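# sharing a model prediction with you, sequence too.
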Amino acid sequence: MTSTYMRVCGLLVAAGGIIWGAAWILRPSDPEHNDPVEIWASVPFSIGLLALLTAMWVTAATGTGRWGRGVLAAEFVAVVLALGWTLPYLVEANRPNTGILVVLDLFWPLSMLGLVVVAIFVVRARRWPTPLRYLPLAASLLLVVDLAFAWTPDRIGSAITGTYLAITYGVLGVAMVRTRVPGPEASSIGRDMARG
C-alpha cells in the first residue's frame with residue numbers, strides 16, 4: 001500500500017470521527033427526534049469507516065486467512081447497509097422508521113459490534129505496528145461507552161459518547177497518516193528470503 005493511500009484513508013477516518021462526534025455534542029438526536037445535522041454528520045463517519053476497512057483489506061490487517069478476510073468483508077457489508085438506512089433520513093430526518101428501514105436500522109448497532117470483532121482480528125494478526133494495531137479496538141468500544149452511559153440524561157450521554165468518538169477516531173486517523181504499514185506482500189517476501 002502506498003503511504004499516500006494510507007494517509008488519505010487516515011484523513012477520512014479522523015475527519016469523519018471528529019465531525020460526527022462534534023454533532024453528537026452540539027446537535028444530538030434523541031429517541032423521539034432525529035437532528036438533521038447529526039444525521040448528515042454520520043455520512044462522513046460512514047465514509048471514514050469504509051476507508052478504514054479498505055485500508056485494513058489492502059494491508060491484510062486482519063490476517064490473510066479466510067476468517068480474517070471474511071470478518072472484514074462482512075463488516076464492510078454491514079456498514080454499507082447501515083449507511084443505506086441513513087440515506088432516506090438525509091431528506092427527511094424524522095420520517096417513520098417502517099418497512100425495510102426497520103431492518104436496515106439494525107445494521108447500525110450490528111456494524112458497531114462488528115467493528116469490535118474486526119479490531120480483535122487486527123490485534124491478533126499483528127500486521128499493523130504498535131500503537132496503530134490497538135487503536136481500532138479502542139475506537140470500536142464506542143458502542144460499549146454509549147451503552148454504559150445510556151442511563152444518564154440524553155444530553156450528557158451524547159456529550160460523553162461524542163467526545164469519545166471524536167478523540168478515538170481522530171487519534172486513529174492521525175496514526176494512520178503517520179504510520180508506515182507494509183502491504184500483505186511483505187510477509188510473503190520475508191518468508192521467501194528466510195527459505196532462501
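Yes, it's here.
# may I ask which helix or strand of this protein has the lowest mean pLDDT?
Using mean pLDDT, DSSP states H and E, the weakest-scoring helix or strand in the chain turns out to be helix 185-195, at a mean of 39.
# which helix or strand contains L52?
Element membership of L52, judged by DSSP states H and E, is helix 36-58.
# CA atoms only: put that helix into PDB for me.
Output of helix 36-58 as PDB, limited to C-alpha atoms (Å, rounded to 0.1, in the frame of the first residue of the first chain):
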ATOM      1  CA  PRO A  36     -30.700  16.700  10.700                       C
ATOM      2  CA  VAL A  37     -27.200  17.900  11.500                       C
ATOM      3  CA  GLU A  38     -26.400  14.800  13.400                       C
ATOM      4  CA  ILE A  39     -27.800  12.600  10.600                       C
ATOM      5  CA  TRP A  40     -25.800  14.400   7.900                       C
ATOM      6  CA  ALA A  41     -22.700  14.200  10.100                       C
ATOM      7  CA  SER A  42     -23.000  10.400  10.200                       C
ATOM      8  CA  VAL A  43     -22.300  10.300   6.500                       C
ATOM      9  CA  PRO A  44     -18.600  11.400   6.700                       C
ATOM     10  CA  PHE A  45     -18.200   9.000   9.600                       C
ATOM     11  CA  SER A  46     -19.500   6.100   7.500                       C
ATOM     12  CA  ILE A  47     -17.200   7.100   4.600                       C
ATOM     13  CA  GLY A  48     -14.300   7.100   7.100                       C
ATOM     14  CA  LEU A  49     -15.300   3.600   8.300                       C
ATOM     15  CA  LEU A  50     -15.300   2.400   4.700                       C
ATOM     16  CA  ALA A  51     -11.900   3.900   4.200                       C
ATOM     17  CA  LEU A  52     -10.600   2.300   7.400                       C
ATOM     18  CA  LEU A  53     -11.900  -1.100   6.300                       C
ATOM     19  CA  THR A  54     -10.500  -0.700   2.800                       C
ATOM     20  CA  ALA A  55      -7.100   0.200   4.300                       C
ATOM     21  CA  MET A  56      -7.300  -2.900   6.500                       C
ATOM     22  CA  TRP A  57      -8.200  -5.100   3.500                       C
ATOM     23  CA  VAL A  58      -5.300  -3.800   1.300                       C
END
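# okay, buried residues for that helix please.
36, 38-58 (16 or more other Cβ atoms under 10 Å). Every C-beta, even on glycine, is put in place using the N, C-alpha and C of the backbone.
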